[in-house]
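In: sequence? don't have it. structure:
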């Protein structure tokens, strides 16, 4: 039997899922249960001591969630994954394994506004200090490295402007600093970009966006690339390398090899912090993932058509979309995201803030809400919503100035989307 | 054999083919990876023999410790070595003195000795380095998928419900290449001095 690697679309449907052993059900069942019975006392002890593979309690793992985890790990080319309740929860759980109070991590300044907020304010209460760097200036990442740096965090396609990050260049900085590179791949999805192929050690997603894809379920996931050398990191990452008192003194990295980070996130992070994903949400997200390649291609194709239309419109001052040949990030888009530049981007109107507000209220098909990656086309004014906590200078640095409108292009007929923009811009 | 990455068929053939496994460096301490692996392989139906001179007189899962491979006194299919890389060669030398010869030398996650591997392969044995048989068995049977691990296999067939002492089917369709390519590359980068 020769081994052949199934393609992306095959994995999107099959990875992690097989007919249910008990009933033969072909679709992945929703194991809507809090707990799982043990065979006997020894089985229970083996599971609690991490000696056996199996289910204990849905806060630690669930068979429906496990299918989702293996599916996304396979699509990203990682060794293992852990699904959690939201993208924000994924960030907390992943960083908890890496940072102790007083430690630092470096993050790109162009990020989802919610992440900027979480890193700046909430993480401060844990004693985790974010140091900002500029995605367009790789030397700013190098300059930010200190002995307390424990990770570097970037987005592959950055929110809100759809800008493309030079993942390989940042990966080199991380490699040199001896810290893992964490890439939030939410806006690209593994269909467009697989950050692990470019040097990421950990990939995070808000499953809420393109992976789930239908705007019906909140979720997040952490993918372990299996690439980071925990054994060679000394005592820099005690959660992975020191004997864990929670588990009778086992060392996670020596027991679990190249998926140790995912296990640490599960048995130290999720178990104790508690942001478990509902199995029902996992089921809905899994159903979404089955059509990921079809949807993301259509999203990207539609976005390109809409961006081209807007870039020629007399009322539009500028369009920030890496799929346009004249865009500053077009070369990076061709390198990292050749199938398309995603579906989330921003543009500014010559009429400034007031014209943006008017456009949003005049649109009939685009929904005005704070999400991206839905089948439906969405629109928002970041300066007054997702990025409203930032001051004006920080808004502009994050690509969310007062004159900016962000859209997430859906998979409707592109002619209808363009017609809606046309009527709203001329109203 | 290229020891940077193993085709799934190679690992599958070994795990399907062997029955009697001597684990050198087996530990009775319940927090040691060797204990986890020993127990798991017993539960999956392998005939396991713990080898460790420090624990003779004790037993592991009801199986008495022996001091050395020579003390086992019956044919072995595989020697699973739970020792660090610098302690591999003497164990391989000892294994190669057994009559009949074992079929497989397996070195645990983190252990690699290319000279010892070459010697064993020259004597006709199969060699696996820097892998855990528990993880590989769990991966190829997809049992490990319960932990969110990428098994790198897919199947449209209904799986049996695993019970104690039962051998699971390892014959799923492989996605190819053992571990993921990125993890393999990283492991190779670490083993190559630059």
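Out: Looks like it came in fine. What you are looking at is a predicted structure, and each value in this text was computed from that prediction instead of being measured.
In: okay, now the unreliable bits of chain B?
Out: B:162, B:164-165, B:176-180, B:191-194 (pLDDT under 70).
In: quick one, helices of it?
Out: B:8-17, B:33-43, B:88-95, B:114-122, B:133-140, B:181-191 (DSSP state H).
In: got it, and the stretch 51-200 of chain A?
Out: A:63-76, A:87-96, A:113-117, A:138-144, A:167-177, A:189-192 (DSSP state H, counting those that start in this stretch).
In: need the residues that contact the shortest one.
Out: Put plainly, it is helix A:189-192. A:8, A:72, A:75-77, A:157, A:205, A:209-211, A:292-293, A:296-297, A:300, A:337, A:339-342 (CB atoms under 8 Å, 6 or more residues apart in numbering or on different chains). For the C-beta atoms, the positions are set from N, CA and C on the backbone; glycine is no exception.
In: now that helix: how far from the chain's centre is it?
Out: 11 Å (CA atoms, centre = their mean, to the nearest Å).
In: so which residue is smack in the middle of the chain?
Out: No chain specified, so I'll use chain A. residue A:205 (2.1 Å; CA atoms, centre = their mean).
In: hmm, I had chain B in mind actually
Out: Centroid-nearest residue in chain B, with CA atoms, centre = their mean: residue B:133, separated by 3.5 Å.
In: wait, it sits on residue B:80?
Out: Yes. The criterion here is CB atoms under 8 Å, and residue B:133 meets it with residue B:80 at 6.1 Å.
In: spell out which residues are contacts of both of those two.
Out: B:21, B:37, B:106.
In: ok, which stretches of chain B are strands?
Out: For chain B, the strands defined by DSSP state E cover B:20-24, B:47-51, B:59-60, B:63-64, B:78-81, B:104-107, B:126-128, B:153-154, B:173-174.
In: which residue packs closest to residue B:181, ignoring adjacent ones?
Out: Using CB to CB, 6 or more residues apart in numbering or on different chains and skipping the chain neighbours, the partner closest in space to residue B:181 is residue A:77 (6.8 Å).
In: ok, the one you found to residue A:18 distance?
Out: Using CB to CB, to the nearest Å, residue A:77 is found at 21 Å from residue A:18.
In: who has more neighbours, those two?
Out: residue A:77 (22 against 19; other CB atoms under 10 Å in any protein chain shown).
In: list the contacts of the more buried one.
Out: Residue A:77 sits next to A:190, A:194, A:196-197, A:225, B:180-182 when contact means CB under 8 Å, 6+ apart.
In: and the strands of chain B as CSV, adding mean neighbour count and distance to chain A?
Out: Formatted as CSV, these follow (neighbours: other CB atoms under 10 Å in any protein chain shown; distance: least, CB to the nearest CB, whole Å):
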stretch, mean neighbour count, distance to chain A
strand B:20-24, 24, 15
strand B:47-51, 22, 14
strand B:59-60, 16, 13
strand B:63-64, 14, 16
strand B:78-81, 27, 15
strand B:104-107, 26, 13
strand B:126-128, 22, 14
strand B:153-154, 23, 4
strand B:173-174, 22, 5
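In: looking at those, which is closest to residue B:2?
Out: strand B:126-128 (11.1 Å; CB to CB).
In: how far away from the center of its chain is stretch A:123-134?
Out: 19 Å.
In: contacts for that stretch?
Out: Counting by CB under 8 Å, 6+ apart, A:95-96, A:99-109, A:119-120, A:140-141, A:143-144, A:146, A:148-149, A:152 sit against stretch A:123-134.
In: mind checking the pLDDT average for the longest helix along chain A?
Out: Counting residues, the longest helix in chain A under DSSP H turns out to be helix A:292-311. The pLDDT scores in helix A:292-311 average 98.
In: tell me what that helix is packed against?
Out: helix A:8-14, helix A:189-192, strand A:316-320, strand A:344-349, helix A:414-426 (3 or more CB pairs under 8 Å, 6 or more residues apart in numbering or on different chains; DSSP states H and E).
In: redo the helices of the stretch 51-200 of chain A as TSV? Include mean neighbour count.
Out: Formatted as TSV, those follow (neighbours: other CB atoms under 10 Å in any protein chain shown):
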stretch	mean neighbour count
helix A:63-76	28
helix A:87-96	24
helix A:113-117	21
helix A:138-144	17
helix A:167-177	19
helix A:189-192	27
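In: any idea which of the ones you listed gets closest to residue A:40?
Out: helix A:63-76 (20.3 Å).
In: what about that closest one, near chain B?
Out: Yes. Using CB under 8 Å from any CB of the partner chain, helix A:63-76 comes into contact with chain B via A:63, A:65-67, A:69-70, A:73-74.
In: residue contacts, residue A:66?
Out: Counting by CB under 8 Å, 6+ apart, residue A:66 has contacts A:16, B:145-148.
In: reformat those residues as a markdown table; add distance to residue A:48.
Out: As requested, the contacts of residue A:66 are exported to a markdown table (distance: CB to CB, whole Å):
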| residue | distance to residue A:48 |
| --- | --- |
| A:16 | 24 |
| B:145 | 20 |
| B:146 | 15 |
| B:147 | 14 |
| B:148 | 18 |
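In: for the residue of the stretch 1-150 of chain A found nearest chain B, what are its contacts?
Out: Going by CB to the nearest CB, chain B is nearest to residue A:69 of the stretch 1-150 of chain A, at 3.2 Å. Residues near residue A:69 by CB under 8 Å, 6+ apart: A:16, A:80-83, A:221, B:148.
In: show me where chain A has strands.
Out: A:80-84, A:104-108, A:129-133, A:149-155, A:157-158, A:163-164, A:181-184, A:202-206, A:220-224, A:316-320, A:344-349, A:367-368, A:378-380, A:404-408.
In: to the chain's geometric centre, what's the distance from the fourth one?
Out: Between the mean C-alpha location of strand A:149-155 and the chain-wide mean there is a distance of 14 Å, by CA atoms, centre = their mean.
In: so that strand versus helix A:167-177, what angle?
Out: Angle of strand A:149-155 versus helix A:167-177, following axes from the mean of the first three to the mean of the last three CA atoms, to 10 degrees, is 180 degrees.
In: repeat that for the third one.
Out: What separates the directions of strand A:129-133 and helix A:167-177 is an angle of 130 degrees, with the same axes, to 10 degrees.
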